[in-house]
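>>> Predicted model, plus sequence, below.
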Amino acid sequence: MTGSSRYGHMYAPLRIPNFRMFITGQTISTIGTLVQMTAQSWVVYQLTHSPAALGWVTMLGSLPMLLLGPFAGSIADRVPRRTLLIGTQAILGSLAATLAILVQTDVIQIWHIYVLAVITGIVTAIDMPALQAFAADLTGTAMIRQAVTLNSMAFQLARIVGPSLAGLLIGYFGTATAFWVNALSFVAVIVALARVRFTDNAATQLTARPGASTHGAAGSKGGPLEAISYVRSQPMMIDLYLFSMLFVFFVFSTMTVMPAFVAEVLQGDARVLGLLGGISGAGSMTVTLLILPVVHNVRRTGILVSGALIWFGTMLMIMTSIANPSVSEVIRRVGDYLGISEPIVVTAAIFGYLQGMAGPLVMTTSMGLLQQMSPQAMRARLLGLSSMITFGLQPFSGLLVGYSGEHLGPANALWINGFLLVSCTACLLVFRSSVRSEAPRPASPPSSPPLVTSGAAEKHEVPATASVVAGASAS
């Protein structure tokens, strides 16, 4: 496959009008979500000046993923996914508006954020597997990995825009504005979901899933246990879950102490925090645009993903050396010589960019292959299980790194994360032969993507059979 055909193949889902509407709305909403995440972390730190409090917010927001993940996937396999998603998106928008009101009226307290984090986590746990499976509903089996890649691209774009926009909004208009922007962004997803149309043929095609009789129907009594039993029989699928676990536990958790790192080590404000988030997103976008199409058909995905995890951990450890007085003094002298006004911040941004390059290679490759390997009749359940054992770890990782940052300092906490990430990934490479094996090719023939009708009236709801953010994001 030539370079130009690789790139054309990656963008193939965009030829489907349904998917174009969906991913446009999802991109706008994700930007809003990252605006809120950045603003919320800054509010928590301003209220408490405690990295541990940042960890508690992360824990409370992620704990529902651990408790509800597989059951949420079962719900998404049984009820109309579009109806479910419109409801969850509306609730998430209302919660963002509530936070905006609390901040704007200056009555916000840390316990408000704790409570809203729990409620948001419950709704997100239900929303995430349905949202990921819905993307596959729109493209069909043949283009699942391309759809996941494009979702990743949308997320990386949001990572560039969201944190940077949050920093500007906080700096010039106040923190409440950031939460209002997020509340309004959910309207884009709701409109996109409402406009998706399916033909009779597409609805029938989605209902009659190939392989459903082999692995159980969506409404079968197996539920989450059936999904767990299936995963246990697939060593490479276990590897994909392990990679995602490492990424969430040691990479996502770095965001917990980043406000403290910016304030204490970089001597920066909310705009610097937003800048670092945007620069990291730019690194991810670079890889998504230029590298993912080239490695899309790499068969030894375990080695590829392991290399990306080791790269992130190494760059993170090097970045934390900024906290060393001798190193920071050298950086300042070099910055003075080159005429750079804030050399410490610039250095952190460079390593943030390099770290960001790892994310798409890990999560997009893992989630794309996971969906491709999943039987269609239990795809949402397997994605719910993924949410449970990956993002469900955030309660513990966020709390651990938060307390590490409080007692050891944010720079030391980040260095420990990087070291453990490199060490655990190396162990997987050495001791699990399946990590070094070739990924299987799709077992079933590709199905045609759903088509779109030109009429205004919908003929069929998105079916409840089983058929993407990541985040992050918690979306």
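In hand now; what should we look at? Numbers count the residues shown, from 1 in each chain.

>>> Going by C-alpha atoms from here, please, whenever you check contacts or count neighbours.
Noted.

>>> Distance of Ile303 relative to Val35?
34 Å (Cα to Cα, to the nearest Å).

>>> what's the pLDDT at Pro410?
The model reports Pro410 with a pLDDT of 88.

>>> Which one's more surrounded, Ile303 and Val35?
Applying other Cα atoms under 10 Å to Ile303 and Val35 shows that Val35 carries more neighbours, namely 29 against 17.

>>> counting contacts, what elements does the helix or strand in which that one is found pack onto?
Counting by DSSP states H and E, the element that carries Val35 is helix 17-48. Here helix 17-48 touches helix 51-78, helix 110-139, helix 144-173, helix 175-195, helix 254-260, helix 270-290, going by 3 or more Cα pairs under 8 Å, 6 or more residues apart in numbering; DSSP states H and E.

>>> then the helix or strand following the first one to PDB, C-alphas only?
Next helix or strand after helix 51-78 toward the C-terminus (DSSP H and E): helix 81-104. Backbone C-alpha positions of helix 81-104 (Å, rounded to 0.1, in the frame of the first residue of the first chain) are rendered in PDB as follows:
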ATOM      1  CA  ARG A  81     -27.700   3.600  22.000                       C
ATOM      2  CA  ARG A  82     -28.700   7.000  20.500                       C
ATOM      3  CA  THR A  83     -31.400   7.500  23.100                       C
ATOM      4  CA  LEU A  84     -29.000   6.500  25.900                       C
ATOM      5  CA  LEU A  85     -26.400   8.900  24.600                       C
ATOM      6  CA  ILE A  86     -28.700  11.900  24.200                       C
ATOM      7  CA  GLY A  87     -29.800  11.400  27.900                       C
ATOM      8  CA  THR A  88     -26.200  11.100  29.200                       C
ATOM      9  CA  GLN A  89     -25.000  14.100  27.200                       C
ATOM     10  CA  ALA A  90     -27.800  16.200  28.500                       C
ATOM     11  CA  ILE A  91     -27.100  15.300  32.100                       C
ATOM     12  CA  LEU A  92     -23.400  16.000  31.700                       C
ATOM     13  CA  GLY A  93     -24.200  19.400  30.200                       C
ATOM     14  CA  SER A  94     -26.400  20.200  33.200                       C
ATOM     15  CA  LEU A  95     -23.700  19.200  35.700                       C
ATOM     16  CA  ALA A  96     -21.200  21.500  33.900                       C
ATOM     17  CA  ALA A  97     -23.800  24.400  34.100                       C
ATOM     18  CA  THR A  98     -24.200  23.700  37.800                       C
ATOM     19  CA  LEU A  99     -20.500  24.000  38.400                       C
ATOM     20  CA  ALA A 100     -20.400  27.200  36.400                       C
ATOM     21  CA  ILE A 101     -23.200  28.700  38.600                       C
ATOM     22  CA  LEU A 102     -21.400  27.700  41.800                       C
ATOM     23  CA  VAL A 103     -18.100  29.300  40.600                       C
ATOM     24  CA  GLN A 104     -19.800  32.400  39.200                       C
END
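
>>> ok, residues contacting helix 81-104?
Helix 81-104 is contacted by residues 36, 76, 108, 113, 116, 120, 123-124, 126-127, 130-131, 134, 175-180, 182-187, 189-190, 193-194, 461-464 when judged by Cα atoms under 8 Å, 6 or more residues apart in numbering.

>>> And it, what's buried?
By 16 or more other Cα atoms under 10 Å, the buried positions in helix 81-104 come out as 81-82, 84-86, 88-89, 91-101, 103-104.

>>> What residues does Gly162 make contact with?
30-35, 274, 278.

>>> repeat that for 6 Å
31, 34-35 (Cα atoms under 6 Å, 6 or more residues apart in numbering).

>>> now it: how far from Asn151?
Using Cα to Cα, Gly162 is found at 16 Å from Asn151.

>>> Could you report the distance from the nearest residue to Leu246 once chain neighbours are set aside to Ser280?
Distances taken as Cα to Cα, 6 or more residues apart in numbering put Leu421 closest to Leu246, at 6.7 Å, once the chain neighbours are dropped. The gap separating Leu421 from Ser280 is 18 Å, by Cα to Cα.

>>> neighbour count winner among the two?
Neighbours per residue (other Cα under 10 Å) separate Leu421 from Ser280, with Ser280 holding more: 26 against 23.

>>> what is the orientation angle of the helix holding Val35 with helix 110-139?
Put simply, helix 17-48 runs at 170 degrees to helix 110-139, going by axes from the mean of the first three to the mean of the last three Cα atoms, to 10 degrees.

>>> Residue numbering should commence at 81 henceforth.
In the new count, where the first residue is 81, that last one comes out as helix 97-128.

>>> Tell me the buried residues in helix 97-128?
Across helix 97-128, burial judged by 16+ other Cα under 10 Å covers 97-125.

>>> quick one, that helix and helix 161-184 angle?
30 degrees.

>>> Next one: the residue of the chain most remote from its centre from Ile411, what distance?
Distance to the chain centre peaks in the chain at Tyr417, reaching 39.5 Å (criterion: Cα atoms, centre = their mean). Computed with Cα to Cα, the distance linking Tyr417 and Ile411 is 10 Å.
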